[in-house]
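Student: Sequence and predicted structure, then a few things I'm wondering about:
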Amino acid sequence: MPIRSSSSDVVVVGAGAVGLAVAWRAAQRGLRVTVLDRATAPGAGTSAVAAGMLAPVSETIATELPLMRLGLASADAYPEFVHELSDASGLDPGYLRCGTLLAARDADEAEALGRELALRESLGLAVHRLRASEARRLEPALAPTLRLALEIPDDHAIDPRKLTAALARALSAGGGELRLGVDVRGVAIAHDRVIGVRLADGSEIPAENVVVAAGPWSSSLDGIPDGARIPIHPIKGQILRLHDPAGPGLLTRVLRMTGGYVVPRGDGRYVLGATMEERGFDTTVTAGGAFELLRDAFELLPSVTELVIDELSAGLRPATPDNAPAIGPGSIPGLHWAIGHYRHGILLTPVTAELVVGGLTGEAVPDEFSAMRFAGVPVRA
Ligand SMILES: Cc1cc2nc3c(=O)[nH]c(=O)nc-3n(C[C@H](O)[C@H](O)[C@H](O)COP(=O)(O)OP(=O)(O)OC[C@H]3O[C@@H](n4cnc5c(N)ncnc54)[C@H](O)[C@@H]3O)c2cc1C
């Protein structure tokens, strides 16, 4: 599809990790891009809450292998992506090549971990079985009650707040426009194609193409006919941010256990997550949420109780009915989607940006992730 000249070739709704990366990549291809977000800072939605694990191997599920392959492709793209991004922005995107440990606390969990090992080995993924003593040599802060661990050397992490700050800076440096405090009411469509977006103040911004990257809030954009909408709902996650007054070193790898994870930032800061709750758009934080997170982490990392709490927050994972993202053009010409990244939006940021920008220039998106798979599907209000 040729992209004609107008005030904006592309308007992106949403300045989260996904929307900003799409916009940065589009600007690099010479498109005139404007990103709109109703928040007063970039990356203030779910991306600000995310832990930032880049963990396609740890998160492999036998029934979601296409998603695993997409995640692996994105994880592979990360080193070059962050290299380019730090050059373009002059900022450190906070990428940490730390690896991951999956840990079992008792015999049942050890048996389950054995099955996880077999699945990953059958798929040719890099994973090593560690006896408890071997794991504790790598991470001495682990509790003596540890039963078994798997080392996943290629699952790393990034600080999503640093990532979005760098993306926003790179976008501006690359000629894209970021407009904050702009509430988008809906998509403007005339003669069956997109002509721009309508704002809450009644004004319109014309554009040849609109990319919806508004996370779980994408469902409230109006103007999109039934059958062209994407079903999306929020899954709440509470998460703790902590730091060690003694500095870095307590934990050097991401630690994942049943019910949660601890992600080191490499500088003495840690993220401890996360609950999974179906509570609509509620983002209150609760004592029960914090208790659940600390209880699970404490069993494997007892010194977590000595860390200082900096923040307890809650975010809304944007989920589609099949848990896979909806990417690229949908059924209305000029309307593109970059939503539904659920638990993997930070991981999938580089590959999503490539696919969406490819879609803007007429390239196909794999069927499993194409927004077109929802064409004609009725969406509950
Ligand atoms: C607790 C928790 C932990 C997570 N951990 C990880 C992890 O370790 N690894 C990983 O890969 N993923 C993780 N995720 C998932 C990840 O956070 C999301 O998939 C990702 O942030 C989605 O990014 P996004 O850019 O699509 O959405 P967002 O970051 O939510 O951005 C959407 C933006 O759209 C804006 N917006 C919405 N509506 C409008 C409107 N009408 N007008 C203007 N602007 C609008 C919002 O203000 C927001 O800034 C986690 C999520 C949670 C909740």
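Tutor: That came in fine, so what should we check first?
Student: mind checking the SS state of the closest residue to the ligand within the stretch 201-350 of the chain?
Tutor: The minimum distance from the stretch 201-350 of the chain to the ligand, using CB to the nearest ligand atom, falls at G345 (2.1 Å). Just so you know, the C-beta spots here come from the backbone N, C-alpha and C atoms, and that holds for glycine as well. Using DSSP: H, G, I helix; E, B strand; the rest coil, the structure places G345 in coil.
Student: for the residue in the chain sticking out farthest from the centre, phi and psi?
Tutor: Within the chain, H191 marks the point farthest from the mean C-alpha position, 34.5 Å out by CA atoms, centre = their mean. Here is the backbone geometry of H191 (degrees, to the nearest 10): phi 50, psi 40.
Student: mind starting the numbering at 37 from now?
Tutor: Yes, from this point I'll number from 37; that puts the last item at H227.
Student: Would you mind listing the residues in contact with it?
Tutor: Listed by CB atoms under 8 Å, 6 or more residues apart in numbering, the contact set of H227 is empty.
Student: Report how many residues lie close to the residue lying closest to D73 once chain neighbours are set aside.
Tutor: Distances taken as CB to CB, 6 or more residues apart in numbering put A51 closest to D73, at 3.7 Å, once the chain neighbours are dropped. When counting by other CB atoms under 10 Å, one arrives at 30 neighbours for A51.
Student: Kindly report the same for A209.
Tutor: If we define neighbours as other CB under 10 Å, then A209 has 14 of them.
Student: on that earlier part again, right, and the residue of the stretch 237-386 of the chain closest to the ligand touches G81 too?
Tutor: No: when contacts are counted by CB atoms under 8 Å, G381 is not listed as touching G81 (9.8 Å).
Student: any common contacting residues for the two?
Tutor: Joint contacts of G381 and G81 (CB under 8 Å, 6+ apart) are 52, 251.
Student: do the host helix or strand of A62 and the ligand meet at all?
Tutor: Assigned by DSSP states H and E, A62 belongs to helix 53-64. Yes: between helix 53-64 and the ligand, judged by CB under 6 Å from any ligand atom, the touching residues are 53-55.
Student: Could you do stretch 302-309 as well?
Tutor: Yes: counting by CB under 6 Å from any ligand atom, contacts between stretch 302-309 and the ligand involve G309.
Student: go on, stretch 248-258?
Tutor: Yes: using CB under 6 Å from any ligand atom, stretch 248-258 reaches the ligand at 249-251, 253, 257.
Student: Relative to the whole chain's centre, how far out is stretch 283-298?
Tutor: 19 Å (CA atoms, centre = their mean, to the nearest Å).
Student: What of stretch 49-67?
Tutor: For stretch 49-67, the distance from its own C-alpha centre to the chain's C-alpha centre is 15 Å (CA atoms, centre = their mean).
Student: Enumerate the positions of that stretch that are buried.
Tutor: 49-64, 67 (16 or more other CB atoms under 10 Å).
Student: okay, that stretch in PDB with CA atoms only?
Tutor: Output of stretch 49-67 as PDB, limited to C-alpha atoms (Å, rounded to 0.1, in the frame of the first residue of the first chain):
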ATOM      1  CA  VAL A  49      -2.500   6.200  19.600                       C
ATOM      2  CA  GLY A  50      -0.500   5.300  22.700                       C
ATOM      3  CA  ALA A  51       3.000   6.100  23.800                       C
ATOM      4  CA  GLY A  52       3.800   2.800  25.600                       C
ATOM      5  CA  ALA A  53       6.700   0.700  24.700                       C
ATOM      6  CA  VAL A  54       4.800  -0.700  21.700                       C
ATOM      7  CA  GLY A  55       3.500   2.500  20.300                       C
ATOM      8  CA  LEU A  56       6.800   4.300  20.700                       C
ATOM      9  CA  ALA A  57       8.800   1.500  19.100                       C
ATOM     10  CA  VAL A  58       6.400   1.400  16.200                       C
ATOM     11  CA  ALA A  59       6.700   5.200  15.800                       C
ATOM     12  CA  TRP A  60      10.500   5.200  16.000                       C
ATOM     13  CA  ARG A  61      10.800   2.500  13.400                       C
ATOM     14  CA  ALA A  62       8.300   4.200  11.100                       C
ATOM     15  CA  ALA A  63      10.100   7.500  11.400                       C
ATOM     16  CA  GLN A  64      13.400   5.700  10.500                       C
ATOM     17  CA  ARG A  65      11.600   4.600   7.300                       C
ATOM     18  CA  GLY A  66      10.900   8.200   6.400                       C
ATOM     19  CA  LEU A  67       7.300   8.300   7.400                       C
END
